[in-house]
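Enquirer: Just a sequence and a predicted model for now, questions to come.
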Number of protein chains: 2
Amino acid sequence: MRNELSEIKKMEKAAREKEGIISLAQGYPDFPTPWTILEFVKAHLSEATWHQYTLSAGNKKLKEMISNFLGKEEAHYDPTREILITAGANAGLMATLLSCFQPGDSIALFTPTYASYFNQLRMAGLNPVYIPLKGNSWQVDLDLFADRIRTHNPKAVLICNPNNPTGSLFKKNELIEIARIAAQNGLLILCDEVYSYLLYDSEKYFSLSSMPELKNIFIKIQSFSKRYAMTGWRVGYVCASEHIINQILVAHDLMINCAPSFSQLAAIAALQLGENFVPQFIKEFVERRAFVDSWLQKMKPYLNASKPEGAYFYFIKLLHASPEFAYDLLSKQQVAVVKGNAFGPFYKDYFRISFAKDFALLTEALSRISNYFDPALGKEIFAENEESMVL
Amino acid sequence: MRNELSEIKKMEKAAREKEGIISLAQGYPDFPTPWTILEFVKAHLSEATWHQYTLSAGNKKLKEMISNFLGKEEAHYDPTREILITAGANAGLMATLLSCFQPGDSIALFTPTYASYFNQLRMAGLNPVYIPLKGNSWQVDLDLFADRIRTHNPKAVLICNPNNPTGSLFKKNELIEIARIAAQNGLLILCDEVYSYLLYDSEKYFSLSSMPELKNIFIKIQSFSKRYAMTGWRVGYVCASEHIINQILVAHDLMINCAPSFSQLAAIAALQLGENFVPQFIKEFVERRAFVDSWLQKMKPYLNASKPEGAYFYFIKLLHASPEFAYDLLSKQQVAVVKGNAFGPFYKDYFRISFAKDFALLTEALSRISNYFDPALGKEIFAENEESMVL
């Protein structure tokens, strides 16, 4: 067997297949897709144009709308040549890995990072080059990056920004330095920006896609899933130079022909009618983050984590190493979390939780995790928040 | 660049991007998705369960319905372990190629066959072993198959049944012999059955999935696209032993996480409410096939093809070789067809047309093709059918 299911999916499967387990494993917005999007889709679903394949590159109007949308962020992409509609960001990345590289090539990643990347690389016959982020706030170690390029000769660097699982942001100066080093050494830059609209400290997001001089080496990977609570629709996009898009397009076509047509319709609706919902989602995530943070304060004897700036994960350090913590927690307290070394080989003392869950579920899950460490503390957290529990 | 767009997609793109071109290139039903399916989807679209990811293997209820549906065809698959919902048949096949084989492995194919297979194999690092079908009715050459196994040691045989582009059926005795030889030599059998419900001569379809003794080597690849006019929804399924499904599942998850949730809802609707439409689609295709056949009679000095038993393609032989026929026809008569060597290296004297087009389009397209060979004949065909033209 060439591949195995990621720890995220293994835990989520375990959680959904048994009664009574609360899952903080897989991360996806627990909000419904905005009703304005649903109504738009319902109103247009009978139009036959949405029933059959679109062209491989995607619906023309949607690409134009994305081009306009990105233009407001100073990212300029030609809708007919530089944008590919994909069946979600993972499909966009997988198609990129299968088309822009040769088996045996290496790709640099800043770890900890999204678990599936490692398996996606392996499936494309590519080798990971790990560049661990440093310090409590997960900063980029530029010297190490430059050094690993010299020693491992990667063909590209893959960045997840905001980063999954840490929720940390790559800062503008870090990204510009990464880009400078990448350009000097002939690396492509693959940037998975699916959480870029879920930021909680009113810091402005910086994307290298706003630097036209990088057009020939920068590949922007985006999704409608997170911003508009649309993970089930499987629709996203990739932006890059025409030359690069033409390669990725072919791989994506061989994988799936085209993104689902009615999901492209829903994406049009999202851009037209979904914007008002985004601040509500963010407000909700900010409150949940504060809740998790106050819980972490109480758990200080056992756990430590820095506050995420974006996305909806905490990457939490166990202060007393416990190698089988995630599976032990699942069996003893029926809470699914993801073990740290799913996100890179150096993180066995960590675990990831998603806080994209409502307060009742979060309260119950966090009190169960507390119980695992200290039953008295677990009861206290539960009692304090009992009114929000409607399990 | 590792890959290139198939000739089918190249021609379809050329056709859709310019006014006045009629495309018989890409094949997809021109019927809308049945309204009963659309209404069901509209009625359930607000249910939040369809807005986010399903489990990687797909929705449980849908898998149970597929298991029941296949059971009536004597194909018995356990819904929880032996069925994977995919984002269409191509995603199912691509995931299979990326997970069940090692780069450098060879796969046998009966040619002519579906153009994308060649590129899908190349993207997965696999080598094709060609087994040309023989005679006017495209029969299986079993001796050649056995011989190629000896000389090329393929790890699997990939069958498209009914075959695209010829529309010919692999007969029961041929399939059983293929299976016997495959089993003897340790080959997996991959069977793409997406056209199996579009048969026009009331011949019963035989699938090797009805032979339980092949469970450990047979992989069934199906789709909702053709049977229910749902190509835009990107939903299909793969059936095999648990061991094989577990491998394909991982690759599919890395490619796209899961099939689109709404498409899985639509697939449930199709199985519940779509059956009545299938005979209507078939009746329509039978009439169109007769129309193309009568045209081919008139074109006998120039063209020759055997009547397809299923699918919606004619694979037509040019009696006077004309290497650039497809592109010449596109430029001179504005009709897009697919050149024969897209379907294997031995078919440069052939071209494929899809007859999944309404009569007005078919009439105009066929008279233009006739015009290319003999302007007088083109006018005659047009005049005979003028009343059906509403271009």
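Expert: Here it is on my side, so go on.
Enquirer: Name the surrounding residues that touch the helix or strand harbouring residue A:219.
Expert: Residue A:219 belongs to strand A:218-223 when assigned by DSSP states H and E. If you take C-beta atoms under 8 Å, 6 or more residues apart in numbering or on different chains as the criterion, strand A:218-223 is touched by A:75, A:88-89, A:92-93, A:96, A:100, A:179, A:188-194, A:196, A:207-209, A:211, A:235-240, A:244, A:248. C-beta: built from backbone N, CA, C; applies to glycine.
Enquirer: Now with 7 Å, please.
Expert: A:88-89, A:92-93, A:96, A:188-194, A:207-209, A:236-240, A:244 (C-beta atoms under 7 Å, 6 or more residues apart in numbering or on different chains).
Enquirer: same question, stretch A:63-72
Expert: If you take C-beta under 7 Å, 6+ apart as the criterion, stretch A:63-72 is touched by A:77-79, A:83, A:85, A:237, A:239, A:268, A:271.
Enquirer: Ok, stretch A:305-320 next?
Expert: A:27, A:112, A:136-137, A:162, A:164-169, A:195, A:198-201, A:203, A:285, A:289, A:292-293, A:296, A:302-304, A:325, A:349-356.
Enquirer: What residues sit buried inside it?
Expert: By neighbour count on 16 or more other C-beta atoms under 10 Å in any protein chain shown, the buried set for stretch A:305-320 is A:305-306, A:308-318.
Enquirer: Give me the neighbour count for residue A:85.
Expert: 29 (other C-beta atoms under 10 Å in any protein chain shown).
Enquirer: Let me see the ranges of the helices in chain A.
Expert: A:7-17, A:35-44, A:60-71, A:89-99, A:115-123, A:142-152, A:172-184, A:242-256, A:261-273, A:277-298, A:325-333, A:359-373, A:375-384 (DSSP state H).
Enquirer: still on that earlier bit, can I get the buried part of the contacts of stretch A:63-72 as one PyMOL selection?
Expert: Burial among the contacts of stretch A:63-72 is assessed by 16+ other C-beta under 10 Å; the matching PyMOL selection reads:
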select buried, chain A and resi 77+79+83+85+237+239+268+271
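Enquirer: from the contacts of stretch A:63-72, which single one is nearest chain B?
Expert: Among the contacts of stretch A:63-72, residue A:85 lies closest to chain B (C-beta to the nearest C-beta), at 12.2 Å.
Enquirer: Which residue, other than its chain neighbours, is closest to the closest one?
Expert: Spatial nearest neighbour of residue A:85, excluding adjacent residues (C-beta to C-beta, 6 or more residues apart in numbering or on different chains): residue A:58 at 2.6 Å.
Enquirer: Please flag which of the buried residues of stretch A:305-320 sit within strands.
Expert: Per DSSP state E, strands hold the following members of the buried residues of stretch A:305-320: A:313-318.
Enquirer: still on that earlier bit, any chance of the helices of chain A in CSV with mean pLDDT as columns?
Expert: As requested, the helices of chain A are exported to CSV (pLDDT from 0 to 100):
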stretch, mean pLDDT
helix A:7-17, 83
helix A:35-44, 96
helix A:60-71, 98
helix A:89-99, 98
helix A:115-123, 96
helix A:142-152, 98
helix A:172-184, 98
helix A:242-256, 97
helix A:261-273, 97
helix A:277-298, 95
helix A:325-333, 94
helix A:359-373, 94
helix A:375-384, 79
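Enquirer: right, so those: which one is the most enclosed?
Expert: For the helices of chain A, average neighbour numbers computed from mean count of other C-beta atoms under 10 Å in any protein chain shown are highest in helix A:89-99, which has a mean of 27.
Enquirer: Which residues of the stretch 101-250 of chain A lie near chain B?
Expert: For the stretch 101-250 of chain A, the contact set with chain B under C-beta under 7 Å from any C-beta of the partner chain comprises A:103, A:116, A:119-120, A:123, A:125, A:229-234, A:247, A:250.
Enquirer: Between all of those residues, which two are separated the most?
Expert: Longest distance between any two of these is 36.7 Å, between A:103 and A:229; criterion C-beta to C-beta.
Enquirer: So for those two, which sits in the more crowded spot?
Expert: Legend: neighbour count by other C-beta under 10 Å for residue A:103 and residue A:229, higher for residue A:229 (26 against 13).
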